[in-house]
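J.: Have a look; sequence and predicted model below, questions after that.
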Amino acid sequence: MTQEPTSGSTSAQLRNAFIDLIEEDSEGEEACRLAAQLAACTDVLPVEYCELLGLAPGSTFAQAARKVRVTLGCVGSG
(Lines give C-alpha, C1' and ligand atoms only; values in the text may rest on other atoms or scores of the structure.)
Protein backbone atom coordinates (compact mmCIF):
# COMPACT_ATOMS: atom_id res chain seq x y z
CA MET A 1 0.00 0.00 0.00
CA THR A 2 1.78 3.10 -1.19
CA GLN A 3 -0.69 5.89 -1.49
CA GLU A 4 -0.07 9.59 -1.04
CA PRO A 5 -1.89 11.14 1.93
CA THR A 6 -4.86 13.22 0.92
CA SER A 7 -6.98 15.49 3.06
CA GLY A 8 -10.39 14.16 3.97
CA SER A 9 -11.81 10.71 4.29
CA THR A 10 -9.70 7.60 3.69
CA SER A 11 -10.81 4.15 2.58
CA ALA A 12 -12.16 1.75 5.19
CA GLN A 13 -9.46 -0.72 4.15
CA LEU A 14 -6.71 1.74 5.07
CA ARG A 15 -8.41 2.77 8.33
CA ASN A 16 -8.88 -0.89 9.30
CA ALA A 17 -5.23 -1.65 8.54
CA PHE A 18 -4.24 1.23 10.83
CA ILE A 19 -6.50 -0.07 13.61
CA ASP A 20 -4.85 -3.49 13.20
CA LEU A 21 -1.48 -1.76 13.52
CA ILE A 22 -2.61 -0.20 16.83
CA GLU A 23 -4.10 -3.45 18.16
CA GLU A 24 -1.03 -5.50 17.25
CA ASP A 25 1.43 -2.88 18.48
CA SER A 26 3.18 -3.13 15.11
CA GLU A 27 6.57 -1.56 14.49
CA GLY A 28 8.98 -1.08 11.63
CA GLU A 29 9.09 0.63 8.27
CA GLU A 30 5.80 -0.84 7.06
CA ALA A 31 3.99 0.51 10.14
CA CYS A 32 5.59 3.92 9.51
CA ARG A 33 4.47 3.88 5.86
CA LEU A 34 0.92 2.96 6.84
CA ALA A 35 0.74 5.73 9.44
CA ALA A 36 2.10 8.22 6.89
CA GLN A 37 -0.77 7.39 4.53
CA LEU A 38 -3.21 8.64 7.17
CA ALA A 39 -1.37 11.91 7.81
CA ALA A 40 -4.25 14.00 6.46
CA CYS A 41 -7.22 11.74 7.21
CA THR A 42 -10.05 13.69 8.83
CA ASP A 43 -12.08 10.60 9.74
CA VAL A 44 -12.69 10.30 13.47
CA LEU A 45 -10.86 7.47 15.25
CA PRO A 46 -13.15 5.21 17.33
CA VAL A 47 -13.04 6.26 20.98
CA GLU A 48 -11.49 3.01 22.25
CA TYR A 49 -8.45 3.59 20.03
CA CYS A 50 -8.24 7.22 21.15
CA GLU A 51 -8.03 5.89 24.70
CA LEU A 52 -5.36 3.31 23.76
CA LEU A 53 -3.21 6.07 22.26
CA GLY A 54 -3.89 8.62 24.99
CA LEU A 55 -5.77 10.94 22.64
CA ALA A 56 -8.93 12.90 23.35
CA PRO A 57 -12.21 11.36 22.19
CA GLY A 58 -13.06 12.69 18.75
CA SER A 59 -9.44 12.72 17.57
CA THR A 60 -8.88 12.01 13.90
CA PHE A 61 -6.94 9.24 12.24
CA ALA A 62 -4.41 11.93 11.22
CA GLN A 63 -3.81 12.87 14.87
CA ALA A 64 -3.43 9.19 15.75
CA ALA A 65 -1.08 8.64 12.84
CA ARG A 66 1.15 11.52 13.97
CA LYS A 67 1.28 10.08 17.49
CA VAL A 68 2.08 6.58 16.18
CA ARG A 69 4.82 7.94 13.90
CA VAL A 70 6.43 9.78 16.83
CA THR A 71 6.14 6.71 19.05
CA LEU A 72 7.71 4.50 16.38
CA GLY A 73 10.45 7.01 15.64
CA CYS A 74 9.49 7.23 11.98
CA VAL A 75 11.61 9.57 9.90
CA GLY A 76 10.37 11.96 7.25
CA SER A 77 7.34 14.19 7.08
CA GLY A 78 3.80 13.21 7.75
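T.: Thanks, I have it.

J.: which ones are touching the residue nearest in space to the middle of the chain?
T.: Here the mean C-alpha position of the chain is nearest to the C-alpha of A65 (C-alpha atoms, centre = their mean), at a distance of 3.0 Å. Contact criterion C-beta atoms under 8 Å, 6 or more residues apart in numbering gives 18, 35-39, 41, 78 as the residues in contact with A65. From N, CA and C alone the C-beta is placed, and that goes for glycine too.

J.: again, only using 10 Å
T.: A65 is in contact with 5, 10, 18, 21, 32, 34-41, 45, 53, 74, 78, counting by C-beta atoms under 10 Å, 6 or more residues apart in numbering.

J.: show me where pLDDT drops low in this structure?
T.: 1-7, 76-78 (pLDDT under 70).

J.: now the helices for it?
T.: Secondary structure of the chain (DSSP state H): helices located at 12-24, 29-37, 47-53, 61-72.

J.: Now do the last one: distance to the chain's middle.
T.: In terms of C-alpha atoms, centre = their mean, to the nearest Å, the gap separating the centre of helix 61-72 from the centre of its chain is 6 Å.

J.: ok, back up a step: emit the ChimeraX select command for whichever of the contacts of A65 are buried.
T.: Buried subset of the contacts of A65, written as a ChimeraX selection, criterion 16 or more other C-beta atoms under 10 Å:
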select :5,10,18,21,32,34,35,36,37,38,39,40,41,45,74,78
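
J.: right, and L14 touches A39 too?
T.: No. Assessed by C-beta atoms under 10 Å, L14 is found out of contact with A39, at 11.5 Å.

J.: Pull up the overlap in contacts between those two.
T.: For the pair L14 and A39, residues contacting each of them under the criterion C-beta under 10 Å, 6+ apart are F61.

J.: ok, L14 to S59 distance?
T.: Using C-beta to C-beta, to the nearest Å, we find L14 at a distance of 17 Å from S59.
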